[in-house]
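S.K.: 3D, please:
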Amino acid sequence: MNTENQGYPNFPARPPPSSSSPFASAPPPGVPTQSGGPESVGFRPPTRPFTPSGPPMAPPVGVMRPFQPPLVSQIPGQGIRPPPPPPSSNSFPSTAYGPPGGGSFQRFPTPPPSGPPTTQTLAGHFSPPMQPMGPPSQSMTSGVPGGYASPPVTGFQQSMPSVNPSYPGVGGPQPSFPPSSYPPQTGGFAQPPGQQNLHPSYAPPTSNVQGLAEDFNSLSLTNIPGSLEPGLDPASFPRPLDGDVEPNTFAEMYPMNCHSRYLRLTTSAIPSSQSLASRWHLPLGAVVCPLAEAPEGEEVTLIDFGSSGIIRCRRCRTYVNPYVTFTDSGRKWRCNICSMLNDVPGEYFSHLDATGRRMDLDQRPELTKGSVEIIAPTEYMVRPPMPPIYFFLIDVSFSAAKSGMLEVAAQTIKSCLDNLPGYPRTQIGFITYDSTLHFYNMKSSLSQPQMMVVSDLDDIFVPLPDDLLVNLSESRNVVEAFLDSLPLMFQNNVNVESAFGPSLKAAYMVMNQLGGKLLIFQNSLPSLGAGRLKLRGDDPRVYGTEKEYTLRVAEDNFYKQMAADCTKFQIGINVYAFSDKYTDIASLGTLAKYTGGQVYYYPGFQSSIHGDKLRHELARDLTRETAWESVMRIRCGKGIRFSSYHGNFMLRSTDLIALPAVDCDKAYAMQLTLEETLLTTPTVYFQVALLYTASCGERRIRVHTAVAPVVTDLGEMYRQADTGSILSVYTRLAIEKTLSGKLDDARNAIQQKIVKALREYRNLHSVQHRLGSRLIYPESLKFLPLYGLAICKSTPLQGGPADASLDERCAAGFTMMALPVKNLLKLLYPNLFRVDEWLLKPSADLDDLKDVLRRVPLAAQSLDSRGLYIYDDGFLLVLWFGRMLSPDIAKNLLGTDFAAELSRVTLQEQENGMSKKLMRLIKKVRENDPSYHPMCFLVRQGEQPREGFLFLRHLTEDQMGGSTSYVDWILQIHRQVQQNA
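M.R.: You can find the predicted model right below:
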């Protein structure tokens, strides 16, 4: 690093990893390590601006390429002994590969006083020195991806302290570094010939023993000497204990990009050619959440272009954004996506300064911010903006009244009337059904609603069509009177039939004039009229056969056709299913899937147990801000296009997504394809546009714009990969595969995709490095294998018929298809906290749970029988009481029931500080993710089958039933990666 290491020979040292991890990280790209004595201090190679793409430039004939001594990595026995850094908070102490003499693991032991240093293997045995493998290749002359020595990152000063690696269990000072940014030079691009001059500090090494810079992480999977057992330390395996970390790779380089919560690419480095894309075995695409809740203090700016009209490209219809350029003294602007030169309207004209920037740039948010919301004029409307409409289709059969669902739903709807969006334009209506249909006239002039019964299910007609959907502000008293009387009207109903199909047709006939949101409360299998379903069951004999997938798709085409009709008339459907028996969620969920809705599943609903969950989730569904009658399109630069879309929606054309109702809890995945053999632009632009009607009655366009560089180096694509986005695409692809094939096929496909990606990555480095039995992976994808295992163990894909009911699988599949990245990753690898030690400490602020509680791996060996743990996946909360937990703690939390069987105990706040502290913690956990309301269950160690069903089966890293453990999964992947590698 151009610094003099006082008191030690000048051997190269590694910079520290970018985050605390038990794995070796690559040096930051663009920061070369140089050898030499004091004469190298003060030398700074000339810098040049970063160019994202272009053909590699060869040095002129006769000019030597500057040589950089390689870095030492993974091979103890070389280099210097740095001062020990402080221990990492979330790393595991290494126990498998310590030095022979015991003590903490040191990567850089003191070198021998003279002669070439010897190398040492991870097993603790010495081996002959490494010999250089010929002259360094173009891609191996430095730790910089793609190859040539590059200037230091701006901000590193000559007086910077010595760089010391960070390892668990070693204490000592550690220098701080400026925040990382995109490297000033990426793979495959040489410096201009003028910068190829040699300097004394670039002298070739005098020793023939040099290690090459390892720009990857690795796990050593060698056998223990004298044993057939692999020498694995599971504690050293990578785990996402910090949850989803949103990528900010280009936050400094492209500060005008939209926030990653709106648009996340699977890799922020776009391949320059089809041949390069074919070697990228991971999905190439994006995850879009157009209405994601804005980061605090970064609300999306509302813009009204007024008389000038919305500024758009004439050819590709891109909206004006921060990446367009103005020319001709401000009279024209060039589209950043198709390069079309457009005229600037007179009302939008502004002079340019000496740098080509508009003089009014600070007053134009659309030219400085990646996310804006534009008020659309009348030409963006095919009809007047619709009012917010909520229509309720409620099952009132025997089981609905007996379970308490009817009462909870009616109370919740009534409590939300004041908070429904769009007052005073909001409209509301109701239909109930059992073996007949019940319509309700709620005209404002009435004091009580009038009920009209239709029993002819084959020829549905709508009585009084104008009074079934009423303005809430005008008919408020009638609506409240109806909701108060609804549970009482059907409390003694003994009708067990369900005319769901005819009632759905009736609701469609009422709503198709305006559209809106249809909320369905279904408590039994549809049994009468159109759309009636038979009990398909969950026949174990079908699993493993070619007909297995038919259980997971809609049995009757009636439901898909109804969903298509509803989408056409801007009706979005959310399904609330409550039965403890088979309800055929595969068919009912189709309504939500193709109308942009979602499925809420409450198996065996009982109001005393599930009431709070239904109240919260129904209230959020009714009161969250909703975009009505929406369509979404995502545009991208020349040479690429989006080829497939995945999620809950219906495609209106090849690239236009129809979304009758969309909100902040919905995300959509899509995959990219390169249309041209070679991309000639240095960057690619993306723009998401959502045209919708706001609840206030305005027609608006929400626009998110981002840019990514085009690269010629596959290694750079791996370095800029986003695990969260990749996993979101993988999950949707796997769930879709279960609808056309066997569960085994879907699970194998996930594993094979990971194997191909890691094999290609291994091939990138196998020539220059001695990889041996190590499994190597880039820092950006260190959690990919574990998340891949989690997908295979998730409810839609796990095991066979005994592992999850058919309805449970299908409901989870519909839910996961719509989840944003952060919620999905939490569901795949949930939080597990130990809380008993924290409860015994003095009260602490709960503003940030990460500062209060430390996550532990999802494995049984993480559990202490003397502890109390909280499991949280966003949908389920489990309090696990260890068998040897202090009775005082249990008594404080559970009161007099602390020794009873926990299945009969309900967690309630007790009159003591410890109980109140725990209840505040649970409340905070739920508030951190308000999308769903996780129910809280109590489990005591050893109480079977309750412990296994509610808790142990969710421990992703353990082997349960026929599933694979994390260790075995890694070994399987490693064996397949080594084959034909």
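S.K.: what helices or strands is whichever strand or helix holds Ile428 leaning on?
M.R.: Per DSSP states H and E: Ile428 is located in strand 427-433. If you count contacts as 3 or more Cβ pairs under 8 Å, 6 or more residues apart in numbering; DSSP states H and E, strand 427-433 packs onto strand 389-395, strand 437-441, strand 470-471, helix 476-489, helix 500-511. Bear in mind the C-beta positions are built from the backbone N, C-alpha and C, glycine included.
S.K.: report the angle between that strand and strand 437-441.
M.R.: Put simply, strand 427-433 runs at 150 degrees to strand 437-441, going by axes from the mean of the first three to the mean of the last three Cα atoms, to 10 degrees.
S.K.: and the contacts of strand 427-433?
M.R.: Applying Cβ atoms under 8 Å, 6 or more residues apart in numbering, the contact partners of strand 427-433 are 387-396, 420, 437-440, 442, 468-472, 475, 479, 482, 486, 490, 498-500, 502-503, 506-507, 510, 514, 516.
S.K.: that one pairs with which strands?
M.R.: Applying DSSP bridges, strand 427-433 is found paired with strand 389-395 (parallel), strand 437-441 (antiparallel), strand 470-471 (antiparallel).
S.K.: give me whichever of those strands is most buried.
M.R.: Stretch with highest mean neighbour count among the strands paired with strand 427-433: strand 389-395 (a mean of 25; mean count of other Cβ atoms under 10 Å).
S.K.: picking that back up, Pro603: which of the strands paired with strand 427-433 is closest?
M.R.: Each of the strands paired with strand 427-433 has some distance to Pro603 by Cβ to Cβ; the shortest is strand 389-395, at 15.4 Å.
S.K.: let's test this: mean pLDDT of the closest one, rounded?
M.R.: Across strand 389-395, pLDDT averages out at 96.
S.K.: and the following helix or strand past it, what's buried?
M.R.: Moving toward the C-terminus from strand 389-395, the next helix or strand (DSSP H and E) is helix 398-403. Of the residues in helix 398-403, Phe398, Ser399, Ala400, Ala401, Ser403 count as buried by neighbour count, 16 or more other Cβ atoms under 10 Å.
S.K.: state the pLDDT value of the third one.
M.R.: According to the model's per-residue confidence, Ala400 sits at a pLDDT of 92.
S.K.: that older thread, let's have the helices and strands packed on strand 427-433 in JSON lines, adding distance to Asn342.
M.R.: Formatted as JSON lines, the helices and strands packed on strand 427-433 follow (distance: least, Cβ to Cβ, whole Å):
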{"stretch": "strand 389-395", "distance to Asn342": "39"}
{"stretch": "strand 437-441", "distance to Asn342": "54"}
{"stretch": "strand 470-471", "distance to Asn342": "44"}
{"stretch": "helix 476-489", "distance to Asn342": "50"}
{"stretch": "helix 500-511", "distance to Asn342": "41"}
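S.K.: shaky segments in this protein?
M.R.: 1-231, 248-251, 537-539, 767-772, 843-851, 980-981 (pLDDT under 70).
S.K.: tell me the domain ranges of it?
M.R.: 218-239+722-823+960-980, 309-369, 389-626, 830-955 (the TED database).
S.K.: top strand in the chain by residue count?
M.R.: Under DSSP state E, the strand in the chain containing the largest number of residues is strand 699-711.
S.K.: direction included, what does that strand pair against?
M.R.: strand 270-271 (parallel), strand 371-375 (antiparallel), strand 683-693 (antiparallel).
S.K.: and among those, the most buried is which?
M.R.: strand 270-271 (a mean of 26).
S.K.: quick one: contacts of that one?
M.R.: 277, 280, 284, 640, 674, 679, 684, 708-711, 714, 717.
S.K.: list just the nearest of the residues you listed to Leu241.
M.R.: In terms of Cβ to Cβ, no member of those lies closer to Leu241 than Met717, at 26.2 Å.
S.K.: which elements pack onto the lengthiest helix in the chain?
M.R.: Longest helix of the chain, by residue count under DSSP state H: helix 743-765. Applying 3+ Cβ pairs under 8 Å, 6+ apart, we find helix 743-765 packed against helix 714-719, helix 723-738, strand 774-777, helix 784-793, helix 966-978.
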